[in-house]
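J.: just coords:
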């Protein structure tokens, strides 16, 4: 009898996990459906560059993140509230207006003939990619930590 309960419990767990995965899905949305914070970010730092597509990544508990693709090929990721998580210029220089000053200053001072083509904001750090292929890591206050090539 104990084995039957264990097997039944295992099957129930498997079905719950499968149901959770199936209910998580991406859906295309218009740029107007993005959170206000994301729309303001795009207007401020990428003014004049049209959005080619926007994707809402939904999980069972709600929206997890938004992905935005611009007509010039650049890609952004925003959290569920519309705060930027990643900006990928796809080998193009990204605007520096939203990048912490210490990161911008370190990059331009120590690598003068390069520019930032990608930045990712994590919980405790930032990671940037330069046009020469180097990846720089910074702490959450923008202090340089290491080069990750």
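T.: Nice, I can see it. Keep in mind it's a predicted model, so treat the numbers as computed, not measured. Numbering: from 1, shown residues only.

J.: where in this structure is pLDDT low?
T.: Applying pLDDT under 70 to the chain flags the ranges 1-24, 149.

J.: Show me the helices in it, by range?
T.: With helices called from DSSP state H, the chain shows them at 2-23, 36-45, 101-110.

J.: From the contact counts, what lies against the last one?
T.: If I follow you right, that is helix 101-110. Other helices and strands packing on helix 101-110, by 3 or more C-beta pairs under 8 Å, 6 or more residues apart in numbering; DSSP states H and E, are strand 116-121, strand 125-130, strand 135-139. Glycine gets a C-beta too; all of them are placed from N, C-alpha and C.

J.: quick one, the first one and helix 101-110 angle?
T.: With axes from the mean of the first three to the mean of the last three C-alpha atoms, to 10 degrees as the criterion, the two stretches strand 116-121 and helix 101-110 enclose an angle of 150 degrees.

J.: same question, the second one
T.: Calculated by the same axes, to 10 degrees, strand 125-130 forms an angle of 30 degrees with helix 101-110.

J.: how far out from the middle of the chain is strand 125-130?
T.: The chain centre lies 12 Å from the centre of strand 125-130; the measure is C-alpha atoms, centre = their mean, to the nearest Å.

J.: Could you list the buried residues of that strand?
T.: Neighbour-count burial for strand 125-130, with 16 or more other C-beta atoms under 10 Å as criterion, is recorded at 126-130.
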